[in-house]
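>>> Can you look at this prediction? I've put the sequence above it.
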Amino acid sequence: MDYESLKHILDEKGVKLVAVSKTQPPERILELYEKGHRLFGENRVQELVPKYEALPKDIEWHLIGHLQTNKVKYIAPFVALIHSVDRFKLLREIDKQAAKVGRTIDCLLQFHIAREETKFGFHEAEAIAMLEREEFGALQHVRICGVMGMATFTDDRAQVRREFRSLRQIFERLKADYFADQPHFRELSMGMSGDWDIAVEEGSTMVRIGSLLFGPRS
């Protein structure tokens, strides 16, 4: 599917398209930029920083991959959204580095919804325990804007649908119990090139698409 067709479908449904540009050179990113696209996602800090420096400054960069605490300081000055907050230690470090640069950084809580153990993320009980900690309430420079998750890599679309539905239910419970008065808690980041259509049907507000836009990675 080409960019224009996908963007049209997602725009009609009010779903944001994060173009996942990992391993892509700046000139490929500029091709989409010149079509008007401004929202790009990178998996690794060491790839994101040089692209931020080389490319136009009106690009909104999202960090979507697993993030080590010692790398937060490199992206804190400019990152628009961190999708992959999977532990309190990381959230505390984001808060600390955001304070140093005078920013509040938007974050999503990543949940483990797949059957694969290689995926990262909170279990629901862990996230609730964190949200109820006094130390969480003391954070001043992070803003939790929703949740993120990755479905199992499988051809079983019914299983993928169940996993996305479980993430939406987690989102709805957290919204009701912890973020009811916070309108910024509205993002449900789920869906990639192979399963974005199911994710949208299950309530995704933000899909992360790489190979469908750029072709298979080298």
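Ah, there it is.

>>> excluding its backbone neighbours, what's nearest His62?
By the measure of CB to CB, 6 or more residues apart in numbering, the closest residue to His62 outside its immediate chain neighbours is Gly41, 4.2 Å from it. C-beta here means a position set from N, CA and C on the backbone, and glycine is covered the same way.

>>> what about the one you found, which SS state?
Applying DSSP: H, G, I helix; E, B strand; the rest coil to Gly41 yields a three-state assignment of strand.

>>> doesn't Ser21 make contact with it?
Yes: counting by CB atoms under 8 Å, a contact exists between Gly41 and Ser21, whose distance comes to 7.0 Å.

>>> re the thing from before, ok, how many other residues are close to the residue nearest to His62?
Other residues within reach of Gly41, judged by other CB atoms under 10 Å, total 25.

>>> Tell me how far it lies from Leu55.
Taken as CB to CB, to the nearest Å, the spacing of Gly41 relative to Leu55 amounts to 13 Å.

>>> list the contacts for Val45?
With contacts defined as CB atoms under 8 Å, 6 or more residues apart in numbering, the neighbours of Val45 are Leu63, Leu67, Gln68, Lys71, Tyr74, Ile75.

>>> And Gly121, how far from Glu163?
Relative to Glu163, Gly121 is positioned 11 Å away (CB to CB).

>>> okay, and the common contacts of the two?
The contact sets of Gly121 and Glu163 overlap at Ile113, Gly149 (CB under 8 Å, 6+ apart).

>>> what bits of the chain have low per-residue confidence?
118-119, 217-218 (pLDDT under 70).

>>> Out of Gly121 and Glu163, name the residue with the larger neighbour count.
Applying other CB under 10 Å to Gly121 and Glu163 shows that Glu163 carries more neighbours, namely 25 against 22.

>>> before we move on, what SS does that one have?
Glu163 is classified as helix under three-state DSSP.

>>> Can you verify my assumption that Phe136 contacts Val85?
No: no contact is recorded between Phe136 and Val85 when judged using CB under 8 Å, the distance being 11.6 Å.

>>> Compare these two (neighbour count), which wins?
Comparing Phe136 with Val85 by other CB under 10 Å, the one with more neighbours is Val85, at 25 against 17.

>>> which SS state does Trp61 fall under?
Under three-state DSSP, the three-state class of Trp61 is strand.

>>> Number of residues surrounding it?
As a burial measure, the neighbour count of Trp61 was computed by other CB under 10 Å and equals 22.

>>> And Tyr52, its phi and psi?
Here is the backbone geometry of Tyr52 (degrees, to the nearest 10): phi -60, psi -40.

>>> is it true that it touches His62?
No: the pair Tyr52 and His62 fails to qualify as a contact (CB under 8 Å) at a distance of 11.5 Å.

>>> neighbour-wise, which of these two wins?
When Tyr52 and His62 are compared on other CB under 10 Å, the one with more neighbours turns out to be His62, at 26 against 19.

>>> The more buried one and Leu39, how far apart?
Computed with CB to CB, the distance linking His62 and Leu39 is 7 Å.

>>> Quickly list what's touching both of those two.
When contacts are counted by CB under 8 Å, 6+ apart, His62 and Leu39 have Val18 as shared neighbours.

>>> shouldn't Leu212 be in contact with Asp195?
No: counting by CB under 8 Å, no contact exists between Leu212 and Asp195, whose distance comes to 10.7 Å.

>>> Which of these two has more residues huddled nearby?
Neighbour totals were compared for Leu212 and Asp195, and Asp195 leads with 23 against 17 (other CB under 10 Å).
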